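# here is the input, now give the coordinates:
(chains A and B)
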Amino acid sequence: MENNYAQALWRMIASGKEPGKVARQLREALTRKGRENLLPRIARAFKRIAEREQVRNTLTLSVSDVHPTHAKKEAKEILKAMNIALEDVEVRTDDELIGGWRLEGRESLYDASFKKHLLELYKRATST
Amino acid sequence: MDNTTVEKIIKEIERYEPKAEVEHVGRVVSVGDGVVAIDGLSKAVMGEVVEFEETKGKSLKDSMDPPAGGSGPLYGLLLNLEEDGVRATILGDSGRVSEGMTVKSTGRILSVPSGPELLGRVVNALGEPIDGKGPFKKPTMMLVERAAYGVIDRKSVSVPLSTGIKAIDAMIPIGRGQRELLIGDRATGKTTIAIDTVINQKNEPEETRPICIYVAIGQKESKTARIVQQLKEAGAFDYTIVVNAPASAPAALQFLAPYSGAAIGEYFMDRGRDALVIYDDLSKQAVAYRQLSLLLRRPPGREAYPGDIFYLHSRLLERAACLSEAKGGGSLTALPIIETQEGDVAAYIPTNVISITDGQIFLVSDLFNKGVRPAIDVGISVSRVGSAAQTKAMKSVAGTLKLELAQFRELESFMQFAQDLDKVTADRIASGQRMVEVLKQKNGSPMPMELQVVDLYAAVGKLYIEVPASRVKEAEAAWLEFISARHNRILEEIKESKTVSDALKKKLDKAMEEFKASHPEFFEQS
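Numbers count the residues shown, from 1 in each chain, chains lettered A, B, ... in the order given. Model prediction:
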């Protein structure tokens, strides 16, 4: 029940409604129904949704410590196509990538790391 | 690393063009009991295969090593599409999945390899070989879930699928493309009938011999190993494929195994061949599906099974078909097995499967314990295809058999008042007792059609009526030996023509007289 309320609240706010007003209206509606004890649970569910959405929308760019500038330049091209500036992306250094970069977030994954390419080569060479 | 591999790697490097393609991904938010909740993958479709990315955060060397708990990539199957994510079942060792892991959409619906190179092999529910004989070279991939053929693509079932078991072939005939349920309590001989049917296909000409697929669901691995050994010893493994989802396998694989078996069989059916699939057993598949559904938080219904439990079995068994000539004329026969508890055939799953199939063979503990084996209760067993799937020869000898046996079962209870019975009733009981003896058959000894016809002809012709009931089996063996040794031509004629002509009947009557004269030891005591 609380998940459904929280989900509805989230959608209303995401569609541009004023958060304070929406929350007030929800509280009034629940009070009328005598269900105001649901409010703390709705708040917790709302927090979970917000955290999840934040993780979902965070873009992470992992670059290796070998030629990181070159990797960032390549990734920038992809980000440009997505209308995202490099400054809005969380950048990390990942030595395991060996070279290249990896961009993950918003349900998408671009893997241009050397590690991925080497693993693919290894699989193809050893599979037959 | 040997030189060939090094050379191969060099060649691959020379040809390699790195590409960064976008992949649709999600993230594992929770994992437990073989089920994962995934955040994201909003474009995924129901039944899609997803791949768990196990190499993230690992060094190249660690990524190259096979992971603990298995080799090759780890896949999952999407079974729930929800408001804020998806739920999938892990098709492998769930210990390899951890929270936060990236999950990639593959865009593929689950499929299994099939083809002639699977013959004589043991595979798991994903079609991966588990017999240590190496991978398949050029298999054809078949969709695990596929819509069944429609009415227009089918024709009526008319060709018999000989089981080699007299009681079945004579009274409950099974046709190619039919779905016949084997139902009974534990240890009543359900699997034995199924395996004997597989072994009996050896008697069929190679060009029309059905390809047999035995799907073991939730069985002990020792039992499956014993069955494989039995098939090998009987020379039946060359045309058989075993799909094994043992009790130790995850519930997801036990749920998928029958569909994989059907998909493997469909490969042969689509190419005009006949195939036989044995699902041993669907009760365990239903239990595995119940477990999955509850973990997927689907609402439970009767006996805690989910609401689509009927659809689970109907969509599987509907795939059995006898295709029209336009579709190649192939067939897929299904022999599902259901285990009952204390003979309760009115339970949820048994009634579901009874209503889906084209007939059922009931096996009863009481008969089994009395030594009547196969322990088929003829009175309540039925084949809805009926005599359409019987050779003329069998029809001519088995016409009244079922009725006579049913009458005998009715009168059996009066046997304790034997001295007070009138002659007609006493004769009917005596005849029934002998018929029951004749229909007894040892496991692993299916009988070719022509021998069955000759055997039943003698039984219906009252050859054994003068033989004491305790010696009927002995007399029967002697009769079959006699006819094979001295009148083999009769057997060949029946095999070729598949009928018992009047001339042949005369020859059989004469042979029976000869047998009586040459084996007085069976008839003197009466």
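
# surely B:V460 is in contact with B:K402?
No. B:V460 is beyond contact range of B:K402, at 11.8 Å (criterion: CB atoms under 8 Å). C-beta coordinates here come from the backbone N, C-alpha and C atoms, glycine included.

# roughly how far apart are the closest residue to chain B within chain A and A:A75?
Closest contact between chain A and chain B, by CB to the nearest CB, is at A:A112 (3.5 Å). Per CB to CB, to the nearest Å, A:A112 is found 8 Å from A:A75.

# so for those two, which sits in the more crowded spot?
A:A75 (24 against 20; other CB atoms under 10 Å in any protein chain shown).

# quick one: the more buried one and A:S62 touch, right?
No. Between A:A75 and A:S62 there is no contact under CB under 8 Å: 9.6 Å.

# between those two, which contacts overlap?
Common contact partners of A:A75 and A:S62 (CB atoms under 8 Å, 6 or more residues apart in numbering or on different chains): A:101, A:103.

# tell me the secondary structure at residue 4.
You didn't say which chain, so I picked chain A. When classified by DSSP: H, G, I helix; E, B strand; the rest coil, A:N4 comes out as helix.

# what about it, neighbour count?
By other CB under 10 Å, 11 other residues sit near A:N4.

# equivalent analysis for B:E207, please.
B:E207 has 6 nearby residues by other CB under 10 Å.

# let me see the contact set for it.
Applying CB under 8 Å, 6+ apart, no residues qualify as near B:E207.

# pLDDT wise, what is B:E17 at?
We have a pLDDT of 64 for B:E17.

# ugh, wrong one, B:G40
In this model, B:G40 carries a pLDDT of 89.

# give the contact list for the residue nearest to it when sequence neighbours are not counted.
Excluding its sequence neighbours, the residue lying closest to B:G40 (CB to CB, 6 or more residues apart in numbering or on different chains) is B:G26, at 3.2 Å. Neighbouring residues of B:G26 by CB under 8 Å, 6+ apart: A:107, B:38-41, B:44, B:50, B:85-86, B:102-103, B:105.

# with A:A6 instead?
By CB under 8 Å, 6+ apart, the neighbours of A:A6 are A:42-43, A:45-46, A:48-49.

# again, but for B:R121
B:129, B:131, B:133, B:241-242.

# could you look up the SS state of B:L292?
helix.

# that older thread, which ones among the contacts of B:R121 map onto strands?
In strands, defined here by DSSP state E, the members of these are B:241-242.

# so which bits of the stretch 1-150 of chain B are right by chain A?
B:5, B:8-9, B:12-13, B:16, B:18, B:20-27, B:29, B:39-43, B:55, B:57-60, B:63-64, B:83-84, B:102, B:104 (CB under 8 Å from any CB of the partner chain).

# buried ones only from the residues you listed, please, as a PyMOL command.
Listed next is the PyMOL selection for buried residues among the residues of the stretch 1-150 of chain B next to chain A, using 16 or more other CB atoms under 10 Å in any protein chain shown:
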select buried, chain B and resi 8+9+20+23+24+25+26+27+29+39+40+41+55+60+63+84+102+104
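
# so of the residues of the stretch 1-150 of chain B next to chain A, which ones are in strands?
Applying DSSP E to these, the entries found in strands are B:22-27, B:29, B:39-40, B:102, B:104.

# farthest-apart pair in those residues, please.
Greatest spatial distance in these: B:V22 and B:V29, 22.1 Å, computed using CB to CB.

# so where is the chain shaky, pLDDT-wise?
I went with chain A, as the question did not name one. Counting by pLDDT under 70, chain A shows low-confidence ranges at A:127-128.

# wrong one, chain B
Using pLDDT under 70, chain B drops low at B:1, B:16-20, B:68-70, B:417-419, B:524-526.

# return the residues of it in contact with chain A.
B:5, B:8-9, B:12-13, B:16, B:18, B:20-27, B:29, B:39-43, B:55, B:57-60, B:63-64, B:83-84, B:102, B:104.

# now do the strands in chain A.
Going by DSSP E, chain A shows strands at A:60-63, A:90-93, A:101-105, A:108-111.

# got the buried residues for the longest one?
If I follow you right, that is strand A:101-105. Here strand A:101-105 shows A:101-105 as buried, counting by 16+ other CB under 10 Å.

# thinking B:G265 is in contact with B:L335, fair?
No. With contact defined as CB under 8 Å, B:G265 does not reach B:L335; the gap is 11.4 Å.

# quick check: neighbours shared by these two?
By CB under 8 Å, 6+ apart, the residues touching both B:G265 and B:L335 are B:276-277.

# distance of B:G371 relative to chain A?
Distance from B:G371 to chain A, counting by CB to the nearest CB, to the nearest Å: 56 Å.

# show me the contacts for the closest residue to that residue other than its chain neighbours.
In this structure, B:G371 finds its nearest non-sequential neighbour in B:K440, 7.4 Å apart by CB to CB, 6+ apart. B:K440 is in contact with B:371-373, B:473, counting by CB under 8 Å, 6+ apart.

# may I see the buried residues of stretch B:516-526?
So for stretch B:516-526, counting by 16+ other CB under 10 Å, buried means B:519, B:522-523.

# circling back: make a ChimeraX selection of the buried ones in the contacts of B:R121.
The ChimeraX selection below is limited to those of these classed as buried (16+ other CB under 10 Å):
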select /B:129,241,242
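
# chain A against chain B: which residues are in contact?
A:7, A:49, A:52, A:55-56, A:74, A:78, A:96, A:98, A:100, A:104, A:107-112, A:115, A:117-119, A:121-122, A:124-126.

# buried only: go through those for me.
A:7, A:49, A:52, A:56, A:74, A:78, A:96, A:98, A:100, A:104, A:107, A:109-112, A:115, A:117-118, A:121-122, A:125.

# give me the longest helix you can find in chain B.
helix B:251-270 (DSSP state H).

# what is the neighbour count of the residue of the stretch 401-526 of chain B found nearest chain A?
Closest contact between the stretch 401-526 of chain B and chain A, by CB to the nearest CB, is at B:G444 (41.6 Å). Residues near B:G444, counting by other CB under 10 Å, number 12.

# my guess is it contacts B:D196. True?
Yes. Using CB under 8 Å as the test, B:G444 is close enough to B:D196 to be in contact (6.5 Å).

# about what we covered before: how about the ones in strands among the residues of the stretch 1-150 of chain B next to chain A in TSV, adding distance to B:N203?
Shown next, in TSV, are those (distance: CB to CB, whole Å):
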residue	distance to B:N203
B:V22	58
B:E23	53
B:H24	53
B:V25	55
B:G26	53
B:R27	57
B:V29	57
B:D39	57
B:G40	56
B:T102	55
B:K104	50
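
# longest helix in chain A, please.
Under DSSP H, chain A gives helix A:39-57 as its longest helix.

# quick one: residues contacting the residue lying closest to B:F52 once chain neighbours are set aside.
Of all residues not flanking B:F52 in the chain, B:L74 sits nearest, at 4.5 Å (CB to CB, 6+ apart). Applying CB under 8 Å, 6+ apart, we find B:L74 in contact with B:51-52, B:54, B:67, B:90-93, B:96-97.

# name the element the residue nearest to B:M171 when sequence neighbours are not counted belongs to?
In this structure, B:M171 finds its nearest non-sequential neighbour in B:K402, 4.4 Å apart by CB to CB, 6+ apart. Assessed by DSSP states H and E, B:K402 sits inside helix B:401-412.

# elements contacting that helix?
helix B:166-171, helix B:423-439 (3 or more CB pairs under 8 Å, 6 or more residues apart in numbering or on different chains; DSSP states H and E).

# would you mark the buried spots in whichever helix or strand comes after the first one?
Meaning helix B:166-171. Next helix or strand after helix B:166-171 toward the C-terminus (DSSP H and E): strand B:181-184. Neighbour counts over strand B:181-184 (16+ other CB under 10 Å) mark B:181-184 as buried.
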